[in-house]
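Chemist: Generate coordinates for the sequence data below:
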Amino acid sequence: MAGKVLVHVGTPKTGTSYLQDVLFRNRVRLRTHAINYPGARFDAHFLGALDLLGLRWGGLEAEAIGAWDDLAASVRKMPGTAIISHEILATATRAQAARALESVGHGSGAEVHVLVSARDLVRQIPAEWQENIKHRARLSYADFLARIQDPERNSRIGSWFWGVQEIPDILARWSADLPPERVHVVTVPPPGGPDVLWQRFSQAFGLDGLDLDLDAERVNPSMGVPETALIRRINRRANQELPPADYRPLVRELLAHKTLSARTKSPRLALPPEVHPWAQELSEQWIAEIERRGYDVIGDLSDLRGAPAVTEFADPDRPRERQVADAAIDAVKALLLENARMRQEEERLRGELHDAHLALERSYLRPTYRLRSKVVRRLENSPPGRGALKAYRAVRGRSSRSA
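Modeler: This next block holds a predicted model:
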């Protein structure tokens, strides 16, 4: 069993994709230092989280059945330190969190720690709306803001947002019977400090001094205002006809992540100035509560206050149409290039299939093949012959009808 288990439960949009990519790509190297990041595929922890939480996720929940138990079994099997990380774990209930911690060794000898990476609401609120848009949502920014500000929090959007973003509540659900020194809050620094964030992650996960490959392959980049507005319009037009299995590679990956996020000169999504005081007041309450509970803080809780309100707010519900049109041209170009690439791949595969057919036809025309076929047909027409064929095939270890 692992002597120490680090369970990282989010939150979303706090550098989690980068962290998980680094851990997965370096998992073999990490094992040489007695650090186990379990899973044979990059999304093993995501599937485990889906399984633990019982969430529906565009059909992927069927693939996730049993994934958490597999992950936990891998943690228990290997000695040393084990790491589990996925941001949707933040929404676990107390019962689900308790089951998760127990399954990785809490109460059975393992030293279990819970880690939460946290970013200020000034950045998290617009980032969460954009993330919803990248997952097929069609609601406006104004509607999103109204739902998360509703004190009842009973809408699907509001319930999910606070489930994965209300830091004190997440910490309480996941650390019910853990001592505060085993509960760690990693704060995300202000914009422009990716190296600082990695240093904090490295300290939290015990990776300091390890020679790791830090070049990211899987990241979750952000889009600007016109690009997000474009994806929302695509969702409104295409959702009913484009199934999730096609939406993921074409819209979320090709358009949002690979194409539109590269347009870094566009106006950035921001919190409306009139919402800023409400977010700041809530952040101050969170900071005071975290301090009161005595959790281990890696970074600075003042990071959770966020930047001052923007002086010029670009409303994604009323974007500049010329900017949206320009983004749409880049999107069309990307789809055309992808279509051309797929046509070339189709032609290559068609050529390989044609060559295989020709080779098969040539083998059929050989005299030895025709003779074997004639003998087999004669044998199949009599009981002794069929018995002889059965014995021959058993000796050859074949079940085909081609003799």
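
Chemist: Would you mark the buried spots in the longest strand anywhere in the chain?
Modeler: Scanning the chain for the strand with the most residues, using DSSP state E, yields strand 111-118. Within strand 111-118, the residues scored as buried using 16 or more other C-beta atoms under 10 Å are 112, 113, 114, 115, 116, 117, 118. Yep, even glycine has a C-beta here, placed from its N, CA and C like the rest.

Chemist: That strand pairs with which strands?
Modeler: Using DSSP bridges, the strands paired with strand 111-118 are strand 4-8 (parallel), strand 183-187 (parallel).

Chemist: which outside residues touch that strand?
Modeler: Applying C-beta atoms under 8 Å, 6 or more residues apart in numbering, the external contacts of strand 111-118 come out as 3-11, 14-16, 19, 90, 101, 104-106, 167, 170-171, 174-175, 178, 182-188, 201, 204-205, 304.

Chemist: And stretch 89-96, by the same measure?
Modeler: By C-beta under 8 Å, 6+ apart, stretch 89-96 touches 7-12, 49, 52-53, 100, 116, 160, 163-165, 170, 173-174, 176.

Chemist: swap in stretch 187-196?
Modeler: 14-15, 18, 117-120, 123, 197, 200, 297-301, 303-304, 307.

Chemist: Would you map the helices across the stretch 151-300 of the chain?
Modeler: Assigned by DSSP state H, counting those that start in this stretch, the helices in the stretch 151-300 of the chain fall at 156-165, 167-174, 194-204, 225-238, 244-247, 276-293.

Chemist: Indicate which one of these is closest to residue 320.
Modeler: Closest approach to residue 320 among the helices of the stretch 151-300 of the chain (C-beta to C-beta): helix 225-238, 6.7 Å.

Chemist: Buried by neighbour count: which residues of stretch 258-273 qualify?
Modeler: For stretch 258-273, burial by neighbour count (16+ other C-beta under 10 Å) applies to 259, 260, 261, 266, 267, 269, 270, 271, 272.

Chemist: Next, give phi and psi for the fourth one.
Modeler: Think residue 266. Main-chain dihedrals, residue 266, degrees, to the nearest 10: phi -70, psi 160.

Chemist: oh, and call the first residue 38 from now on, that's how I've got it
Modeler: New numbering, starting at 38: the last item is residue 303.

Chemist: Now do it, the pLDDT please.
Modeler: Model confidence at residue 303, given as pLDDT, is 97.

Chemist: coming back round to it: in ChimeraX, how would I select the buried members of the contacts of strand 148-155?
Modeler: Remark: buried members of the contacts of strand 148-155, expressed as a ChimeraX selection using 16+ other C-beta under 10 Å:
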select :41,42,43,44,45,46,47,48,51,52,53,56,127,138,141,142,143,204,207,208,211,212,215,219,220,221,222,223,224,225,238,241,242,341
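
Chemist: Against which helices or strands is the helix or strand in which residue 414 is found packed?
Modeler: For residue 414, the host element (DSSP states H and E) is helix 404-417. Judged by 3 or more C-beta pairs under 8 Å, 6 or more residues apart in numbering; DSSP states H and E, the packing partners of helix 404-417 are helix 420-433.

Chemist: and the helix it packs on, how far from the chain's centre?
Modeler: Helix 420-433 has its C-alpha centroid displaced from the chain centroid by 54 Å (C-alpha atoms, centre = their mean, to the nearest Å).

Chemist: List the buried residues of that helix.
Modeler: In terms of neighbour count (16+ other C-beta under 10 Å), helix 420-433 has its buried residues at residue 426.

Chemist: Only C-alpha atoms, please: export it in CSV.
Modeler: Taking Å, rounded to 0.1, in the frame of the first residue of the first chain, the C-alpha atoms of helix 420-433 are listed here in CSV:
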residue,chain,number,x,y,z
PRO,A,420,-19.4,-37.4,-44.5
PRO,A,421,-15.9,-39.0,-44.5
GLY,A,422,-14.5,-36.0,-46.3
ARG,A,423,-16.0,-33.6,-43.8
GLY,A,424,-14.5,-35.7,-41.0
ALA,A,425,-11.1,-35.6,-42.6
LEU,A,426,-11.4,-31.8,-43.0
LYS,A,427,-12.4,-31.4,-39.4
ALA,A,428,-9.4,-33.5,-38.2
TYR,A,429,-7.0,-31.5,-40.5
ARG,A,430,-8.2,-28.2,-39.3
ALA,A,431,-7.9,-29.3,-35.7
VAL,A,432,-4.3,-30.3,-36.3
ARG,A,433,-3.7,-27.0,-38.0
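
Chemist: now that helix against helix 404-417, angle please.
Modeler: 130 degrees (axes from the mean of the first three to the mean of the last three C-alpha atoms, to 10 degrees).

Chemist: helices and strands around helix 420-433, which ones?
Modeler: Applying 3+ C-beta pairs under 8 Å, 6+ apart, we find helix 420-433 packed against helix 404-417.

Chemist: Put the alpha carbons of the helix it packs on into PDB.
Modeler: Presented in PDB, the C-alpha positions along helix 404-417 are these (Å, rounded to 0.1, in the frame of the first residue of the first chain):
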ATOM      1  CA  PRO A 404      -3.100 -22.800 -59.500                       C
ATOM      2  CA  THR A 405      -2.400 -24.200 -56.100                       C
ATOM      3  CA  TYR A 406      -5.300 -22.100 -54.600                       C
ATOM      4  CA  ARG A 407      -7.700 -23.400 -57.300                       C
ATOM      5  CA  LEU A 408      -6.600 -27.000 -56.700                       C
ATOM      6  CA  ARG A 409      -7.000 -26.600 -52.900                       C
ATOM      7  CA  SER A 410     -10.500 -25.100 -53.300                       C
ATOM      8  CA  LYS A 411     -11.500 -28.000 -55.600                       C
ATOM      9  CA  VAL A 412     -10.300 -30.700 -53.200                       C
ATOM     10  CA  VAL A 413     -12.100 -28.900 -50.200                       C
ATOM     11  CA  ARG A 414     -15.400 -28.700 -52.100                       C
ATOM     12  CA  ARG A 415     -15.200 -32.500 -53.000                       C
ATOM     13  CA  LEU A 416     -14.400 -33.400 -49.400                       C
ATOM     14  CA  GLU A 417     -17.300 -31.300 -48.000                       C
END
